Every structure is written in structure tokens, then in C-alpha cells.
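Peer 1: give me the fold of what follows.
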Amino acid sequence: MKKLVSLFLCLVLCVTAAVPAFAWGGSQEIYVSSAAELRSAIGSDRTVILSAGEYVFDRELEISGVQNLTLRGDGSSSILITDGNDQVLFLSECSGITLENLTLGHRVTPDEGCSNGVLSMWGVDGLTVTNCDIFGCGIEGINASSCSDLWFENTTVRDCSEDIMNLGETGATFRNCTFSGNAYVNSYGLPAISLWESYLTLENCVFQNNRNSEFVDTSDNSTVTQSGCTFSGNGWGGDTAGDSGNTGNTGSTSGTGSGAAYETVSGFGDVFWSDYYAEAVQWAVDTGVTTGTSAATFSPYDTVTRGQAVTFLWRACGQPEPESYYNPFWDVHEWDYFYKAVLWAVENGITNGTGAGTFSPSTSVTRGQMITFLWRTCGKPGDSGSSVWYEDAENWASWNGILSGTAEGYATNASCPRSDVVFYIWKS
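Peer 2: As a prediction, this is how the structure comes out:
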């Protein structure tokens, strides 16, 4: 009996030792160095590691019905196809797909051109693309339909002949990605990004030298959210020379939006051409009224102090020297940046302070005060002699459309943010 038990245990140990680890649910690693090996290695629950070099196919590389697959290059591994009528990589009904350190593109001559995209997918649930280079002449970099949880990071989409991406019923996030040189052959006037019942998040992305007719074209049930993105040299809105003068939606938006939704103004990452105060900010910078709160920020929602308000006005009027240096305020000093502005404002009847020899330069300026400063600067047009200090000023501003167009409306005693101070000055 003991011999039988020992024989049984020996057989069990031998069979167990003969079974590879991945057969028990682990993820195997497969190393490949040719296109044929790569195509054969595609499957579920594995990592395929591509050695350096080119993996050239005469038709698209299709991956269908696969789960938990990683394709990992070494940074110089390229998947290329020689047929411009095919997409490079097509994923269908997959989940848990990861692409790392890969280059994807067409290998065709300029005369041959392309009639299909680079990375296309349908029915994909969970795709992570990191440190990849997706390049044309594919007509578009990315095409996705009925997909969810798509994540792109540190990836480039460049030199596609028509557009950057097309998303339908899809959710995708791009972080620290670069989109450049796309739509170099764009005879159809296509937008850079087209969305249909999709949501797209863009974080700290760079858009440069793209020549699409507009930035984003969305359906009614689509949403675009962006933060920290930068734009330069793009051609949407018909402005092929640069990025100024466009309008559109910003932040999170639904419906059709112009490409300038995400164009920043004067290098300020917090002011976009879609903002109602965008032109006012650009004017304020161009004329020296303000240079922002830093080289990269304007801080449009920060409140403005009375000292800042009269300084903005003084600069808008050309920074005239005060005729007299009589100073009636104990809280205004020669070393203050607003010193000359306050003296000039007092001389010209623009302000007489807040009482008892004070100007209160650090107190937030109200909308009523700002409009009254403007009205007095303009010579008190329509002065009726009202005993209510702001009444004539507000009537004048209302008649001249100065109060319209702001996001928060108008309340006399409400603080006036930087966005609206420059907006009021610009409109007057």
C-alpha cells in the first residue's frame, strides 16, 4: 500500500511540474522579431515584446476578440503597412488592450497616398496607449466606434492627411499628447476632431501646425473637456497664419464648437478665444493696460482692487503725468505702483476716495465704482445731476451696451473681476 501511495504522489508531482505556469491563468511573455512572428503571437492573456526594427505588413494587422493583450516595443519598434487603402491596426471586440513604445504608420510614397486611417477600433472596452507615435499619411490618426475607456498618454498623432480623430459613441482621454502637422491635404474642410455621441477629455496636450478647417465638430450628445492644453500655428477658423481672432466653446461643451474653443489668448493658459472677454484681454495686453498675473496666467476671476482699477484706467489713457503731486490720501504713497494713477484720477474728478482722507487702494472695486470711474473718465456723458452717485453712470453704460455680455450679470455692489474690468474698459 505504501508503494502505491508513493507512486501516486510521484505521478502528481511529475504532471504538475510538466504544466507551464501560464496554463494556470498567468500572463505569458512572447518575444518576436518579425512581422510573421508578431501576427502569430496575437492572442489573449499575454504580453508580446517586439524587438527593435520594422514589422511591415502588406495589409492591416487585425486583432479581434482578444482580451488582456499588451504589445510592447522598445521605442524603435514600428508596425507599418504598405497598402494605403488599409488601416494600419484594427481592433474589434477586444478588452484590456495595451500598446506601449510603438510607432504605427503607412509605408507608402507620396504619389500613392492613403485612403484609410492608422489606428481604428470597434467595440473595444479598455485600451491604453502610452509613448506611441501615430503618423500619416493615414487620413486620420484614430477612428473609434462604440468604444469605452480609451486612454492615451505621452503619445503623438502627426502628419495625417485629413484629420486627427473621429469618435462615435466612444469615451476617450488624452493626457500629455501632441497633435501636429495634420490635415496637410485637406480638400474636404474637415475638422481636426469629430465626435458623435462621445465624450473626450484633453489634459495638457499640445496642438501645433494643424491645418483643419475647425477644431472640434460635435453632435448634440457629445462633450469635450480640456485643461492645460496649448495651441500654436493652427489653421482652423480660416486663420492659417495663426490662432487669433477665432470664436467657439471652451471648457466643457456640447453641440458644434469652433476650433478656437481651446485657443489661448496671449499665452495665458486660463483665457481662451471663446471667452467673452478674450478680445478685451488681448487688447489690454497689446496696449499695456495689464500683463497678467504671470507670464502664463491672467486670472480672469480674481477680484480687482481700487488701486488696480485706476491703474488700468490710467494706462488705457496713456499714463499721463499728474499736473500736481498733491496727495489727499494717507493710504497712498510715492512708492506705490498706483501712486501716479491715483493722483491723476483725483485731478480729473474720476475719484475722490472713500472718505476721511482715504482711497482704500486694497479694497475690491465694485461694479458700480468701476462703471462710475469709466463714466467720469469719458466726461460724464448724460449727466443729470442725480444724487445717486452711480445712477447716471449705469444708465450711460447700459445705453452704450457696456454692461451686456458678461457671464455674471450686473449688480452695483458686487466685486468686479479682472475679466470684467478689462471688458468694461475695452467696450467703453
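
Peer 1: what's the burial count for residue 145?
Peer 2: Residues near residue 145, counting by other CB atoms under 10 Å, number 17. For the C-beta atoms, the positions are set from N, CA and C on the backbone; glycine is no exception.

Peer 1: typed the wrong thing, it's residue 321
Peer 2: Neighbourhood size, residue 321 [other CB under 10 Å]: 8.

Peer 1: that one contacts residue 343, doesn't it?
Peer 2: No: with contacts counted by CB atoms under 8 Å, residue 321 stays clear of residue 343, the gap being 9.2 Å.

Peer 1: ok, residue 179 touching residue 210?
Peer 2: Yes: the pair residue 179 / residue 210 is scored as a contact, 6.2 Å apart, by CB under 8 Å.

Peer 1: touching both of those two, which residues are there?
Peer 2: Common neighbours of residue 179 and residue 210, counting by CB atoms under 8 Å, 6 or more residues apart in numbering, are 164, 192.

Peer 1: shaky segments in the protein?
Peer 2: The model of the chain has pLDDT under 70 over residues 1-27, 110-111, 185-189, 220, 236-263, 407-408.

Peer 1: ok, 50 please
Peer 2: By pLDDT under 50, the low-scoring segments of the chain are 1-5, 7-26, 187, 237-262.

Peer 1: what are the boundaries of the helices in it?
Peer 2: Assigned by DSSP state H, the helices in the chain fall at 2-18, 35-41, 278-286, 306-316, 339-347, 367-377, 391-399, 418-427.

Peer 1: would you turn these into CSV with mean neighbour count and distance to residue 360?
Peer 2: Output for the helices of the chain, formatted as CSV (neighbours: other CB atoms under 10 Å; distance: least, CB to CB, whole Å):
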stretch, mean neighbour count, distance to residue 360
helix 2-18, 9, 84
helix 35-41, 15, 72
helix 278-286, 20, 23
helix 306-316, 23, 6
helix 339-347, 22, 11
helix 367-377, 22, 10
helix 391-399, 18, 19
helix 418-427, 24, 16
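
Peer 1: need those helices in JSON lines with distance to residue 103, can you?
Peer 2: Below are the helices of the chain laid out as JSON lines (distance: least, CB to CB, whole Å):
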{"stretch": "helix 2-18", "distance to residue 103": "40"}
{"stretch": "helix 35-41", "distance to residue 103": "14"}
{"stretch": "helix 278-286", "distance to residue 103": "38"}
{"stretch": "helix 306-316", "distance to residue 103": "51"}
{"stretch": "helix 339-347", "distance to residue 103": "57"}
{"stretch": "helix 367-377", "distance to residue 103": "55"}
{"stretch": "helix 391-399", "distance to residue 103": "58"}
{"stretch": "helix 418-427", "distance to residue 103": "43"}
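
Peer 1: out of those helices, nearest to residue 121?
Peer 2: Closest to residue 121 of the helices of the chain is helix 35-41 (CB to CB; 17.9 Å).

Peer 1: how far does that closest one sit from the chain's center?
Peer 2: Put simply, helix 35-41 sits 38 Å off its chain's centre (CA atoms, centre = their mean, to the nearest Å).

Peer 1: next one: stretch 90-109
Peer 2: Relative to its chain's centre, stretch 90-109 lies at 24 Å (CA atoms, centre = their mean).

Peer 1: enumerate the positions of it that are buried.
Peer 2: Residues 90-92, 94-108 are the ones in stretch 90-109 that count as buried (16 or more other CB atoms under 10 Å).

Peer 1: off-centre distance for stretch 288-298?
Peer 2: Offset of stretch 288-298 from its chain centre (CA atoms, centre = their mean): 20 Å.

Peer 1: how long is it end to end?
Peer 2: One end of stretch 288-298 to the other measures 13 Å (CA to CA, to the nearest Å).

Peer 1: flag every buried residue along it.
Peer 2: Using 16+ other CB under 10 Å as the test for burial, stretch 288-298 gives 289, 290, 292, 298.

Peer 1: what does that stretch rub up against?
Peer 2: Stretch 288-298 is contacted from outside by 265-271, 281, 283-285, 299, 302, 312, 315-316, 418-419, 422, 425, using CB under 8 Å, 6+ apart.

Peer 1: quick check: longest strand of this structure.
Peer 2: Taking DSSP state E as the criterion, the chain has its longest strand at strand 67-81.

Peer 1: what is that strand packed up against?
Peer 2: With contacts defined as 3 or more CB pairs under 8 Å, 6 or more residues apart in numbering; DSSP states H and E, the packing partners of strand 67-81 are strand 46-50, strand 53-57, strand 61-64, strand 95-106.

Peer 1: next, the angle from that strand to strand 46-50.
Peer 2: Angle, strand 67-81 to strand 46-50, by axes from the mean of the first three to the mean of the last three CA atoms, to 10 degrees: 20 degrees.

Peer 1: all strands for the stretch 151-300 of the chain, in order.
Peer 2: 156-158, 163-168, 171-175, 178-180, 193-196, 199-203, 206-208, 216-218, 223-227, 230-232, 264-265, 268-272 (DSSP state E, counting those that start in this stretch).

Peer 1: in JSON lines: the ones you listed, plus mean neighbour count and distance to residue 32.
Peer 2: Below are those laid out as JSON lines (neighbours: other CB under 10 Å; distance: least, CB to CB, whole Å):
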{"stretch": "strand 156-158", "mean neighbour count": "23", "distance to residue 32": "24"}
{"stretch": "strand 163-168", "mean neighbour count": "24", "distance to residue 32": "28"}
{"stretch": "strand 171-175", "mean neighbour count": "19", "distance to residue 32": "28"}
{"stretch": "strand 178-180", "mean neighbour count": "21", "distance to residue 32": "28"}
{"stretch": "strand 193-196", "mean neighbour count": "23", "distance to residue 32": "34"}
{"stretch": "strand 199-203", "mean neighbour count": "19", "distance to residue 32": "33"}
{"stretch": "strand 206-208", "mean neighbour count": "19", "distance to residue 32": "32"}
{"stretch": "strand 216-218", "mean neighbour count": "25", "distance to residue 32": "38"}
{"stretch": "strand 223-227", "mean neighbour count": "18", "distance to residue 32": "38"}
{"stretch": "strand 230-232", "mean neighbour count": "18", "distance to residue 32": "38"}
{"stretch": "strand 264-265", "mean neighbour count": "23", "distance to residue 32": "44"}
{"stretch": "strand 268-272", "mean neighbour count": "21", "distance to residue 32": "43"}
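
Peer 1: tell me which of the buried residues of stretch 288-298 is nearest to residue 386?
Peer 2: residue 289 (29.3 Å).

Peer 1: any idea how far the closest residue to that closest one other than its chain neighbours lies from residue 336?
Peer 2: In this structure, residue 289 finds its nearest non-sequential neighbour in residue 315, 4.8 Å apart by CB to CB, 6 or more residues apart in numbering. From residue 315 across to residue 336, the span is 15 Å (CB to CB, to the nearest Å).
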